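A.B. asks: quick one, fold the following:
(one chain, ligands or ions: 4)
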Amino acid sequence: MNVARLNMCHGDREWHQKVISSVRRLNEEKGYAVAVMMDTEGSEIHMGDLGGAPAAKAEDGEIWTFSVRSFEAPLPELTVHVNYEGFAEDVRVGDDLLVDGGMARFEVVEKLGPDVKCRCTDPGLLLPRANLTFWRDGSVVRAKNAMLPTITSKDWLDIDFGIAEGVDFIAVSFVKSAEVINHLKSYIAARRISDIAVIAKIESIDSLTNLEEIIRASDGAMVARGDLGAQIPLEQVPSIQQKIVKLCRQLNKPVVVASQLLESMIEYPIPTRAEVADVSEAVHQCADALMLSGESAMGRYPDKALSVLSSVSLRIERWWREEKHHEPLELEDVSSSFADKISEEICISAAKMANKLEVDAVFVYTKGGHMASLLSRCRPDCPIFAFTNSTSMRRRLNLQWGLIPFRLTFSDDMESNLNRTFSLLKARGMIKPGDLVIALSDMLQSIQVMNVP
Ligand SMILES: Nc1ncnc2c1ncn2[C@@H]1O[C@H](COP(=O)(O)OP(=O)(O)O)[C@@H](O)[C@H]1O
Ligand SMILES: C=C(OP(=O)(O)O)C(=O)O
Ligand SMILES: [K+]
Ligand SMILES: [Mg+2]
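C.D. replies: Ligands and ions are numbered 1, 2, ... in the order given. Presented below is the predicted three-dimensional model:
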């Protein structure tokens, strides 16, 4: 596990604070560098809490009331609260109402002030705070709800909380444009904080329309397939995932593939064959990170799900290296300055050398993390050990493909840096005397090839 995501849709700040403390404590005690990503709630339409019940079953033909009124627990029979005030006004009789993208389906039969009566047409399980979309003539209706703010007043409070807690990433839900990303980044910068990265969650139709400018403005992106699959026809999700992953790699932004990777492991100790194939495909596409949701938030086998994710990913990468299945991607230039261009060319050459010489590892010494990310982008066959002088940079590097980050107090003498690195990695059994390694430095703009003493 490299990153812990806190989904602010669930739980209160006190609960999330405890999770952050546990992650930080384990990092201290065990020497891990697990980063924390805060994920905003945003203004999606969702059901209320079901009055404390863990789930409710909707049966075929039942008439349920979806209401914008607030209720004291227990809720009246066959009733759910809807968080979006405009819901009763916006829906029309005849609309299809989908819970969690279709886990249960209803048809709107009558509107009665704040209450909307709906007949269940696909029976299914309703989970607390499940996402709701309504569809008319085959598309999701986004008339007024598309005007809702991306970052709500509750989200700003969560963001303040995240900044105060020193989270490493803020993932913004339902991003519609690059402006909101820039707005959040300047808010963070105005507080003289330089070490929180902003990740755009691609999960709405608007985010697809403005995809490239959103990704350019962000420090990374997430293919949030859960909500995306509820907004666009499901059969479009795989090709869109591939397009986003490829674009992120071109623009050198880390990309996370999220949701339902191992969904069946919420209940069962092993995944389906199809899920294993889905994980393999995301790895094959060169995603930087794969994210569990329900599997780890509420599933019965969170640790098993994580180890399946890890073993499947490692296996597919190994197979791919052994069989030389690389589909070399023509990487476009990403650098804007000449100095960056030098770093970029160094990394491309170093990755090529590493593969041709079959070296055991590449070391990269990086202050701002840029050189490490450029190297990760080239996906060399060997492990990449990244050394940085800041603990927060170390945690952020964890989101990027293939990097094994460490903190090292840099000295001006590269020889001394190298020697301390050798001792550190030898002590952990990660390299051994005689190994062939390549060392890159963004301070020296150099490539060195050497044997571990
Ligand atoms: N902090 C939490 N406490 C309890 N249940 C949670 C929590 N986080 C997530 N869940 C459960 O796990 C499911 C999937 O997690 P996630 O993808 O984070 O949520 P969602 O898809 O609802 O936004 C949620 O529907 C919810 O029931
Ligand atoms: C990752 C996602 O967002 P969340 O779990 O917050 O709904 C998603 O929709 O796939
Ligand atoms: K969220
Ligand atoms: Mg989502």
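A.B. asks: make it CA atoms for all contacts and neighbour counts henceforth
C.D. replies: OK.
A.B. asks: which residue does this protein bring closest to ligand 3?
C.D. replies: In the chain, the residue that lies nearest ligand 3 is residue 41 (4.2 Å; C-alpha to the ion).
A.B. asks: ok, and what's touching the lowest-mean-pLDDT helix or strand in the chain?
C.D. replies: The helix or strand of the chain with the poorest confidence is strand 139-140; it has a mean of 87 (mean pLDDT, DSSP states H and E). Residues from elsewhere that reach strand 139-140 (C-alpha atoms under 8 Å, 6 or more residues apart in numbering): 133, 134, 231, 232.
A.B. asks: burial check on residue 71, number of neighbours?
C.D. replies: The burial count assigned to residue 71 is 15, neighbours taken as other C-alpha atoms under 10 Å.
A.B. asks: next one: it from residue 319, what distance?
C.D. replies: Distance, residue 71 to residue 319, by C-alpha to C-alpha, to the nearest Å: 55 Å.
A.B. asks: also residue 283?
C.D. replies: Per C-alpha to C-alpha, residue 283 is found 12 Å from residue 319.
A.B. asks: who has more neighbours, these two?
C.D. replies: A direct count of neighbours by other C-alpha under 10 Å for residue 283 and residue 319 places residue 283 higher, at 20 against 11.
A.B. asks: in contact with residue 105, which residues?
C.D. replies: By C-alpha under 8 Å, 6+ apart, the residues touching residue 105 are 96, 97, 98, 99, 120, 121, 122, 123, 124.
A.B. asks: in this protein, what residue lies closest to ligand 1?
C.D. replies: Nearest residue of the chain to ligand 1: residue 294, at 3.5 Å (C-alpha to the nearest ligand atom).
A.B. asks: next, count neighbours for that residue.
C.D. replies: Neighbourhood size, residue 294 [other C-alpha under 10 Å]: 16.
A.B. asks: ok, residue 101 next?
C.D. replies: What residue 101 shows, counting by other C-alpha under 10 Å, is a neighbour count of 22.
A.B. asks: now residue 76
C.D. replies: Neighbour count for residue 76, taken as other C-alpha under 10 Å: 12.
A.B. asks: distance of it from residue 70?
C.D. replies: Taking C-alpha to C-alpha, one finds residue 76 at 11 Å from residue 70.
A.B. asks: find the closest residue to ligand 2 in the stretch 1-150 of the chain.
C.D. replies: Taking C-alpha to the nearest ligand atom, the stretch 1-150 of the chain has residue 7 as its residue nearest ligand 2, at 5.7 Å.
A.B. asks: isn't that residue right up against residue 38?
C.D. replies: Yes: if you go by C-alpha atoms under 8 Å, residue 7 and residue 38 touch, sitting 6.5 Å apart.
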